[in-house]
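[1] Sequence plus the predicted model coming up.
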Amino acid sequence: MSLRRRLFFPLAWLRRQIRASEFALIVLAVVIGAASGLCTVVLGALARTLQHWMFALPRGQRLSAVASLGWAPLAMLPVGGAVLSIFSWGVRSKRRRMVDAVEANALHGGRMSVSDSLVVSGQTVISNGFGASVGLEAAYAQMGGVIASVTGAALQLRRSDLRNLVGAGAGASIAAAFGAPLTGAFYAFEIVIGAYTPSAIAPIAAAAIAAVFVSQLFGAQPYIIDSLSGLPAESHHYLLYAGLGGVCALFGIALMRLVALVEQGSRMAPVPDWARPMLGGALLMPIAFWSPQVLSAGHGALHMDIAVGASLGFVALVFLAKASASIVSLGFGYRGGLFFASLFLGTLVGHLFAGVLEIIAGYPVVDPHNAAMVGMAALAVAVVGGPMTMAMLVLEATQDFALTGAVLAAALVSSTIVRETFGYSFSTWRLHLRGETIKSARDIGWIRALTVDKMMRRETRATDCEISIGEFRQRFPLGSASRVVLVNAAHHYAGIVQTPAAYADGLDPAVGVGSIAINADAALAVDMDIVTVMKRFDASGADELAVLDSDRHVVGILSESYVRRRYAEELEKAQNDLFGER
């Protein structure tokens, strides 16, 4: 046996086992989950170490929980912007098209790049480590997803299995970050895979549990929020909390749109692109001088505000400051996400909601701590997506089962409003701004892969449109061809003649055959995907359309019946993958 065969024999054997056995896939998911959990611990430690170095924090102190910071330590913010720009220049990030786990699963069958993922994670750690108002969850999910993607690609797994593994890896990373396996599992289903797939339940659950076990083995602490509720969540509160969900939906949409507007404005500003993070850091300084709660993701600030129970005026100011800091950070080029920022902002909205109700009614209507937890989930759903994900996060963080129903009601209201009025989560909204059309991680990559070039029949019998109908009849007797493609003197497409139409009574045989051509203005391009092709057939009403290159030269022909048959076949295959046919 050659050296090459000896090296690849174990991979081939393992691939066969995984394809044949669900248990083998679960074992592989456990390994991926453990690796993802360890990676989450390392990334978190790197960012916290940077924060302690840059801001001279006491041991165990969270940056956002610091009482105050002077101008000298806050100068680290623009310095961090400079470091980020140097790092981005060194890794040539502008030449990369970084694909996250959501885009990978939606468009690329789960395939991700190791080098690009390292760049994304490095940028996120630098941004968070120097105090920018961004979270690390994007880096966690990126590395968990790429670990799964590379492993699955090396084993040449099926497209559906690879997508499930990417979901398992990303979800395991989130589970490890919060010490919450249910949260990680639902994150995988709702946000990274885009559907609840029966075939993925066991692998994803196993990966999430393994990740939590490994992260806690290395010292990570579960995300626990003390339940300080003074009033129980009663059934009549559900309508009020549903209203809070609607409020959070509106705030979430506004937050996402403002990030996009500030980013667009900063790119139009008369400063070089590499200076944008430095300018953003300078703008963050006065906000953070007023309250360091706006810095980093906000873990320490969230716990502090819930425990202290600040006045409504102060809570409102912290909300505006934190929202502004997150918008400036992301709008001026820092890398990261709004996952934890939306959780923090949601608790503030919940506090304000409970306080305003008390002012209106003259007595406490809902408990402020309960409202904070409901708001936390509802605003996070509006921004990140995943109502069950956020409901499970609150459940695992508070251990308050009675509150979970109210949280889920508000989360579903928030999710529905955002989906119906806006249609995007923060990650898919940014993809939309980049020109993509995806709204979730649901697999549409097969649609883009099935292009005209792969479906058409090559056309080699294009005929001059200037010949007469009589000559056409001589060349193409009835029964010899159902249709003929015409071209003009420059060999450009000039329409299609259905052969029987040339034999209709009353036609002058001396007239050019181009006079009876149809669909001269309707044609297909070789790179059109199958959905676009079906829309073109619907618009034209044609049974067949010519395929043209960029110079309008005929390269093929495609029939509507064949296109719709292929679409039905591929859709059935995708549905079989979704429901776990192995």
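    That came through, no problem.
[2] Show me which positions of stretch 416-436 end up buried.
    Ile417, Val418, Arg419, Phe422, Tyr424, Ser425, Phe426, Ser427, Thr428, Trp429, Arg430, Leu431 (16 or more other CB atoms under 10 Å). In short, each C-beta sits where N, CA and C put it, glycine included.
[3] Secondary structure and distance to Glu234 for these - can I get that in JSON lines?
    JSON lines is the format used below for the buried residues of stretch 416-436 (DSSP: H, G, I helix; E, B strand; the rest coil; distance: CB to CB, whole Å):
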{"residue": "Ile417", "secondary structure": "helix", "distance to Glu234": "24"}
{"residue": "Val418", "secondary structure": "helix", "distance to Glu234": "27"}
{"residue": "Arg419", "secondary structure": "helix", "distance to Glu234": "28"}
{"residue": "Phe422", "secondary structure": "coil", "distance to Glu234": "31"}
{"residue": "Tyr424", "secondary structure": "coil", "distance to Glu234": "34"}
{"residue": "Ser425", "secondary structure": "coil", "distance to Glu234": "31"}
{"residue": "Phe426", "secondary structure": "helix", "distance to Glu234": "33"}
{"residue": "Ser427", "secondary structure": "helix", "distance to Glu234": "36"}
{"residue": "Thr428", "secondary structure": "helix", "distance to Glu234": "36"}
{"residue": "Trp429", "secondary structure": "helix", "distance to Glu234": "36"}
{"residue": "Arg430", "secondary structure": "helix", "distance to Glu234": "39"}
{"residue": "Leu431", "secondary structure": "helix", "distance to Glu234": "41"}
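[4] Closest one of the residues you listed to Ile126?
    Using CB to CB, Arg430 comes nearest to Ile126 of those, at 19.1 Å.
[5] so what's that closest one up against?
    Ala260 (CB atoms under 8 Å, 6 or more residues apart in numbering).
[6] Would you quantify the distance from it to Arg96?
    15 Å (CB to CB, to the nearest Å).
[7] Please give the element, helix or strand, for Tyr363.
    In the assignment (DSSP states H and E), Tyr363 maps to no helix and no strand.
[8] number of nearby residues for it?
    Using other CB atoms under 10 Å, Tyr363 has 7 other residues around it.
[9] wait, what's in contact with the closest residue to Val146 other than its chain neighbours?
    Of all residues not flanking Val146 in the chain, Ser117 sits nearest, at 3.9 Å (CB to CB, 6 or more residues apart in numbering). Taking CB under 8 Å, 6+ apart, we find Ser117 in contact with Met98, Gln142, Met143, Gly145, Val146.
[10] Now do the contacts for the third one.
    Contacts for Met143 were tallied using CB under 8 Å, 6+ apart; they are Ser36, Cys39, Thr40, Leu43, Ser117, Ser121, Ser173.
[11] Look at the nearest residue to Phe401 once chain neighbours are set aside and say how many residues are nearby.
    Nearest non-adjacent residue to Phe401, counting by CB to CB, 6+ apart: Leu395, 6.9 Å away. Applying other CB under 10 Å, we find 20 other residues in the vicinity of Leu395.
[12] quick one: Leu395 from Met388, how far?
    10 Å.
[13] now swap in Leu320 and tell me
    According to CB to CB, Leu320 and Met388 sit 30 Å apart.
[14] before we move on, what about Phe476?
    62 Å.
[15] got the buried residues for the biggest helix by length in the chain?
    Ranked by number of residues, the top helix in the chain under DSSP state H is helix 22-55. Within helix 22-55, the residues that count as buried by 16+ other CB under 10 Å are 25-30, 32-41, 43-44, 46-48, 50-52, 54-55.
[16] chain center to that helix: distance?
    Here helix 22-55 is found 20 Å from its chain centre; the criterion is CA atoms, centre = their mean, to the nearest Å.
[17] His237 versus Gly243, what's the distance?
    Distance from Gly243 to His237, by CB to CB: 10 Å.
[18] higher neighbour count, the two?
    Per other CB under 10 Å, whichever of Gly243 and His237 has more neighbours is His237, with 22 against 14.
[19] How about the more buried one, nearest residue that isn't a chain neighbour?
    His237 sits nearest to Val366 (CB to CB, 6+ apart), 5.5 Å away.
[20] Checking my notes, that neighbour in a helix, right?
    No: membership of Val366 in a helix is not supported by DSSP: H, G, I helix; E, B strand; the rest coil, which gives coil.
[21] For Gly81, give me the pLDDT.
    Gly81 is assigned a predicted lDDT (pLDDT) of 95.
[22] Please disregard the earlier target; I meant Asp226.
    pLDDT for Asp226: 68.
[23] Equivalent analysis for the one 4 residues further on, please.
    Note on Gly230: pLDDT of 59.
[24] From the centroid of this structure, which residue is nearest?
    Val102 (3.8 Å; CA atoms, centre = their mean).
[25] wait, that one sits on Thr428?
    Yes: using CB atoms under 8 Å, Val102 makes contact with Thr428 at a distance of 6.8 Å.
[26] Please export the C-alpha coordinates of the helix or strand encompassing Ile201 as PDB.
    Using DSSP H and E, Ile201 maps to helix 201-217. Coordinates of each C-alpha in helix 201-217 appear next as PDB, following Å, rounded to 0.1, in the frame of the first residue of the first chain:
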ATOM      1  CA  ILE A 201     -31.100  16.800  17.500                       C
ATOM      2  CA  ALA A 202     -28.700  14.200  19.100                       C
ATOM      3  CA  PRO A 203     -25.500  15.500  17.500                       C
ATOM      4  CA  ILE A 204     -26.200  19.200  18.400                       C
ATOM      5  CA  ALA A 205     -27.300  18.300  22.000                       C
ATOM      6  CA  ALA A 206     -24.200  16.200  22.400                       C
ATOM      7  CA  ALA A 207     -21.900  18.900  21.100                       C
ATOM      8  CA  ALA A 208     -23.400  21.600  23.400                       C
ATOM      9  CA  ILE A 209     -23.100  19.400  26.500                       C
ATOM     10  CA  ALA A 210     -19.500  18.500  25.600                       C
ATOM     11  CA  ALA A 211     -18.600  22.200  25.100                       C
ATOM     12  CA  VAL A 212     -20.100  23.200  28.400                       C
ATOM     13  CA  PHE A 213     -18.300  20.400  30.200                       C
ATOM     14  CA  VAL A 214     -14.900  21.300  28.600                       C
ATOM     15  CA  SER A 215     -15.300  25.100  29.200                       C
ATOM     16  CA  GLN A 216     -16.100  24.600  32.900                       C
ATOM     17  CA  LEU A 217     -13.300  22.100  33.200                       C
END
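[27] Now that helix: buried residues?
    203-215.
[28] Which other helices and strands does that helix contact?
    helix 22-55, helix 159-178, helix 181-187 (3 or more CB pairs under 8 Å, 6 or more residues apart in numbering; DSSP states H and E).
[29] so which of those gets nearest Lys454?
    helix 159-178 (16.3 Å).
[30] Can you check the pLDDT for Thr428?
    Looking at Thr428, the pLDDT reads 83.
[31] Am I right that it is in contact with Ile438?
    Yes: here Thr428 lies in contact with Ile438, judged by CB under 8 Å, at a distance of 5.8 Å.
[32] Common neighbours of the two, please.
    Residues touching both Thr428 and Ile438 (CB under 8 Å, 6+ apart): Val102.
[33] how about Val554, phi and psi?
    phi -80, psi 130 (degrees, to the nearest 10).
[34] Okay, it and Ala354: tell me how far apart.
    For Val554 relative to Ala354 (CB to CB), the value is 68 Å.
[35] do Ser68 as well
    28 Å.
[36] the more surrounded of the two?
    Remark: of Ser68 and Ala354, Ala354 carries more neighbours, 25 against 9, as counted by other CB under 10 Å.
[37] if I pick the more buried one, what's in contact with it?
    Going by CB under 8 Å, 6+ apart, the list of residues near Ala354 reads Pro364, Val365, Val366, Asp367, Pro368, Asn370, Ala371, Ala372.
[38] Give me the pLDDT for it.
    pLDDT recorded at Ala354 is 92.
[39] Could you look up the SS state of it?
    helix.
[40] Quick one: find the helix or strand in this protein with the lowest mean pLDDT.
    helix 3-20 (a mean of 64; mean pLDDT, DSSP states H and E).
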